[in-house]
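Participant: sharing a model prediction with you, sequence too.
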Amino acid sequence: HNGYNNGGALQSTYTQNIGKRFNFAIEYMGLRSQGFYQRDLASSNNSIFSAHYLSKNGRYEIYTHYIHQNISNEENGGLANLENFISGDSRFNNRESLTINLYNTYSKFMARRYYFSHSLVPFNAEKFPFKIKHTLYHQSSRFNYTQENNENYYSSELIDNYNTNTYKRSKNFSNTFSLAFDQEKFKAEAGIRYQNIRFETGTPIIINRIITDNLMKENRIGIIGNIALKIWNRFDLNSSLEISNGTKFGNYINSKNQITFEPIKDYFLNAYLNIKSSAPSFNYLMNASFYEDYNYSFTDFKNQNILNLGADIQLKWFNTKLFANYFRIDQMAYFNTDKMPQQSSSPVNISQIGGEATFNYGRFHLNTKLHFQNVMNNKELLPLPSFIGRANIYYQNKIFKKAAEIQTGIKVYYFSKFTSREYFPILNEFVLSSKSNNIGGQPIADAYINLKVKRMLIYAEAQHFNASLTKNKSFAAPFYPIADFRLNLGIVWYLFH
């Protein structure tokens, strides 16, 4: 499909079976979009290769994949004068006439990952249903921030003779051996995991004119475990646990537990309890910048502890799903108004309830999603909209003597007004603001038509068409408006089947 202003997006997938025991897939996703504002160019490419092999006797099996991803952006820092945008002044109908905050800045994110897992059934699977498993995993990521000339946006002073092309990168390698018990009604796995983690900045961290260590690395040993249990075809239990220990990044615990119960056919109750205790993400731990005030080394961090308790009910009536969630976050990491990492001194508690349903009347359908949430304390640290809603009303029918199928309708998205955090390009993160930046409270409507003919799908979408009827006052983040009306055209074609 076409991109914003000039450009386009492409996704292609090729899969093939080679004999009965080996198959592979190659997928590519690419985007280049100029955008409507100055310095709004975005481009990305993502390549994926995956494969699966099963031996002739069914005892040896391999899963593997490789992912290659690049995302490049021109950074404009958002609009410098919001009044020119909101006023509706015809002089600024051409959005490239609006002034921006950054004119010489770029960012690039790169990620690579490979995964190789193989398993062996050493004995007769019917008598001794055990597997020996071995998994290798490696992921690296890198974020570059480049400034080609002076910018007047940041309040901090530049460091003399400092490279204005900075980056931070991380590498995570793991090697896991495990033993699995594999039956239809009961599955269990336990193993040991070795990890090597490395995080560094490409330029020195200078705090108060003193160079600070810019490398964190360690070897870790941990254990993993999984259980899956089925009872009476009505009750499922899935549970996983990972524990590891290290000196640089501290203890790590991650436990996910879910119960699914089907008391009546096609009616489901899901309950889950998730617990995670870990160091804050890498971005909070270190940053090197050619601006004096944005260098930090957060070495005295505490584990961020997250408790998630929730449940959902799936009903056959109107394909209804109702859910409720509770989150408790202790020592929550965030960036304060000085763009420095900090952790909350008291827990952040969040409650969420909502649901989804589809109502049908002949060829007409209405799908609605409602989401209510409340940050019960420390709201200023994690500002969120209290309500998010989506509605999709559409008509669907066979046409041309059932040779084709058409679907056409209107989608509306809305979130309530709230005081949002600001996006800060140097960190590639959202930070708390000393200003009152309210966004939301504006519906965003799209009209669309989809036409399916055999293995081809053609679609056209009038995105944010209500912006052409009223003044556009919608923002994705403070100072970053949501695009005006645009026509999106695309095609999906399954060439081989």
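Facilitator: Great, that's in hand. If you're wondering where the values come from, they're calculated on a predicted model, not measured in any experiment. Numbering: from 1, shown residues only.
Participant: tell me the contacts of S44?
Facilitator: Applying Cβ atoms under 8 Å, 6 or more residues apart in numbering to S44 gives the contacts M29, G30, L31, Q69, N70, I71, S72. All C-beta atoms are positioned from the backbone trio N, CA, C, and that covers glycine.
Participant: what number of residues lie near the third one?
Facilitator: Other residues lying near L31 total 18 when counted by other Cβ atoms under 10 Å.
Participant: what does the first one give?
Facilitator: By the measure other Cβ under 10 Å, the count of residues near M29 is 15.
Participant: from the chain's centroid, how far away is stretch 89-109?
Facilitator: For stretch 89-109, the distance between its averaged C-alpha position and the chain's averaged C-alpha position is 26 Å (Cα atoms, centre = their mean, to the nearest Å).
Participant: who's in contact with it?
Facilitator: With Cβ under 8 Å, 6+ apart as the test, stretch 89-109 has contacts from 36-39, 69-81, 84-85, 141-151, 153, 425, 428, 479, 484.
Participant: repeat for stretch 193-200
Facilitator: So stretch 193-200 is contacted by 168-176, 214-224, 242, 244, 246, 248-249, 282, 285-286 (Cβ under 8 Å, 6+ apart).
Participant: need the buried ones from those selected in PyMOL.
Facilitator: Of those, the buried ones can be selected in PyMOL as follows, counting by 16 or more other Cβ atoms under 10 Å:
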select buried, resi 168+169+170+171+172+173+174+176+214+216+220+222+224+242+244+246+248+249+282+285+286
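Participant: before we move on, back to that, can you list the contacts of S44 in CSV and add secondary structure and distance to F181?
Facilitator: Converted to CSV, the contacts of S44 look like this (DSSP: H, G, I helix; E, B strand; the rest coil; distance: Cβ to Cβ, whole Å):
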residue, secondary structure, distance to F181
M29, strand, 38
G30, strand, 43
L31, strand, 44
Q69, strand, 36
N70, strand, 41
I71, strand, 41
S72, strand, 47
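Participant: which of those residues has the most neighbours?
Facilitator: Among these, L31 has the most neighbours (other Cβ under 10 Å), with 18 neighbours.
Participant: walking through the stretch 351-497 of the chain, point out its strands one by one.
Facilitator: Applying DSSP state E, counting those that start in this stretch to the stretch 351-497 of the chain gives strands spanning 364-375, 387-399, 404-415, 418-419, 422-424, 429-431, 438-439, 444-453, 456-463, 475-477, 480-481, 486-493.
Participant: quick one: low-confidence parts of the stretch 101-250 of the chain?
Facilitator: Counting by pLDDT under 70, the stretch 101-250 of the chain shows no low-confidence range.
Participant: ok so, going back, I48 is nearest to which of the strands of the stretch 351-497 of the chain?
Facilitator: When those are ranked by distance to I48, counting by Cβ to Cβ, first place goes to strand 486-493 at 17.9 Å.
Participant: so E461 versus Q407, what's the distance?
Facilitator: According to Cβ to Cβ, to the nearest Å, E461 and Q407 sit 12 Å apart.
Participant: find residues that contact each of the two.
Facilitator: With Cβ under 8 Å, 6+ apart applied, the overlap between the contact sets of E461 and Q407 consists of I449.
Participant: need the residues that contact stretch 417-428.
Facilitator: In this structure, residues lying in contact with stretch 417-428 by Cβ under 8 Å, 6+ apart are 75, 77-78, 102, 105, 107, 109, 143, 145, 154, 283, 287, 289, 291, 294, 335, 339, 383-386, 429-433, 436-441, 475, 477-480.
Participant: is the closest residue to V431 other than its chain neighbours bridged to anything, and to what?
Facilitator: Using Cβ to Cβ, 6 or more residues apart in numbering and skipping the chain neighbours, the partner closest in space to V431 is F335 (3.9 Å). As for beta bridges, F335 partners with P341 under DSSP bridges.
Participant: just give me the neighbour total for R363.
Facilitator: As a burial measure, R363 scores 12 neighbours (other Cβ under 10 Å).
Participant: which phi and psi does it have?
Facilitator: For R363, the backbone dihedrals (degrees, to the nearest 10) come out as phi -90, psi 0.
Participant: distance-wise, check it relative to Y459.
Facilitator: Remark: distance between R363 and Y459 (Cβ to Cβ) = 18 Å.
Participant: just A80 next, same as before
Facilitator: 36 Å.
Participant: next: A445.
Facilitator: Distance of A445 to Y459, given as Cβ to Cβ: 17 Å.
Participant: farthest from the middle of this structure: give me that residue.
Facilitator: Residue farthest from the centre of the chain, counting by Cα atoms, centre = their mean, is K127 at 42.9 Å.
Participant: returning to what we had before: can you put the strands of the stretch 351-497 of the chain in JSON lines and add mean neighbour count?
Facilitator: Listed next are the strands of the stretch 351-497 of the chain as JSON lines, based on neighbours: other Cβ atoms under 10 Å:
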{"stretch": "strand 364-375", "mean neighbour count": "16"}
{"stretch": "strand 387-399", "mean neighbour count": "15"}
{"stretch": "strand 404-415", "mean neighbour count": "17"}
{"stretch": "strand 418-419", "mean neighbour count": "17"}
{"stretch": "strand 422-424", "mean neighbour count": "19"}
{"stretch": "strand 429-431", "mean neighbour count": "17"}
{"stretch": "strand 438-439", "mean neighbour count": "18"}
{"stretch": "strand 444-453", "mean neighbour count": "17"}
{"stretch": "strand 456-463", "mean neighbour count": "16"}
{"stretch": "strand 475-477", "mean neighbour count": "16"}
{"stretch": "strand 480-481", "mean neighbour count": "19"}
{"stretch": "strand 486-493", "mean neighbour count": "13"}
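Participant: out of the ones you listed, which is closest to N23?
Facilitator: Each of the strands of the stretch 351-497 of the chain has some distance to N23 by Cβ to Cβ; the shortest is strand 486-493, at 21.5 Å.
Participant: so how far is stretch 50-69 off the chain centroid?
Facilitator: Between the mean C-alpha point of stretch 50-69 and the mean C-alpha point of its chain there is a distance of 26 Å (Cα atoms, centre = their mean).
Participant: could you tell me the end-to-end distance of stretch 331-343?
Facilitator: As for stretch 331-343, its first-to-last residue distance stands at 5 Å under the measure Cα to Cα, to the nearest Å.
Participant: can you mark which positions in that stretch are buried?
Facilitator: In stretch 331-343, residues buried by neighbour count (16+ other Cβ under 10 Å) are Q331, M332, A333, Y334, F335, K339, M340, P341, Q342, Q343.
Participant: need the contact list for the last one.
Facilitator: By Cβ under 8 Å, 6+ apart, the contact list for Q343 reads P280, F301, K302, Q304, Q331, M332, A333, Y334.
Participant: what element comes up after the helix or strand hosting F177 heading to the C-terminus?
Facilitator: With elements taken from DSSP states H and E, the one containing F177 is strand 165-182. Past strand 165-182, heading to the C-terminal end, the next element that is a helix or strand (DSSP H and E) is strand 186-201.
Participant: strand partners (parallel or antiparallel) of that following strand?
Facilitator: Every partner of strand 186-201, by DSSP bridges, with its direction: strand 165-182 (antiparallel), strand 215-231 (antiparallel).
Participant: return the alpha-carbon coordinates of stretch 157-170 using PDB.
Facilitator: The C-alpha coordinates for stretch 157-170 follow below in PDB (Å, rounded to 0.1, in the frame of the first residue of the first chain):
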ATOM      1  CA  GLU A 157      25.100  22.800  26.500                       C
ATOM      2  CA  LEU A 158      27.100  20.700  24.000                       C
ATOM      3  CA  ILE A 159      30.300  19.000  25.200                       C
ATOM      4  CA  ASP A 160      33.300  20.300  23.400                       C
ATOM      5  CA  ASN A 161      34.900  18.100  20.800                       C
ATOM      6  CA  TYR A 162      32.400  15.300  21.400                       C
ATOM      7  CA  ASN A 163      31.300  13.000  18.600                       C
ATOM      8  CA  THR A 164      27.700  13.900  17.500                       C
ATOM      9  CA  ASN A 165      27.000  10.400  16.300                       C
ATOM     10  CA  THR A 166      26.300   8.400  19.400                       C
ATOM     11  CA  TYR A 167      24.900   5.000  19.900                       C
ATOM     12  CA  LYS A 168      24.100   2.300  22.500                       C
ATOM     13  CA  ARG A 169      23.900  -1.400  21.900                       C
ATOM     14  CA  SER A 170      23.100  -4.600  23.700                       C
END
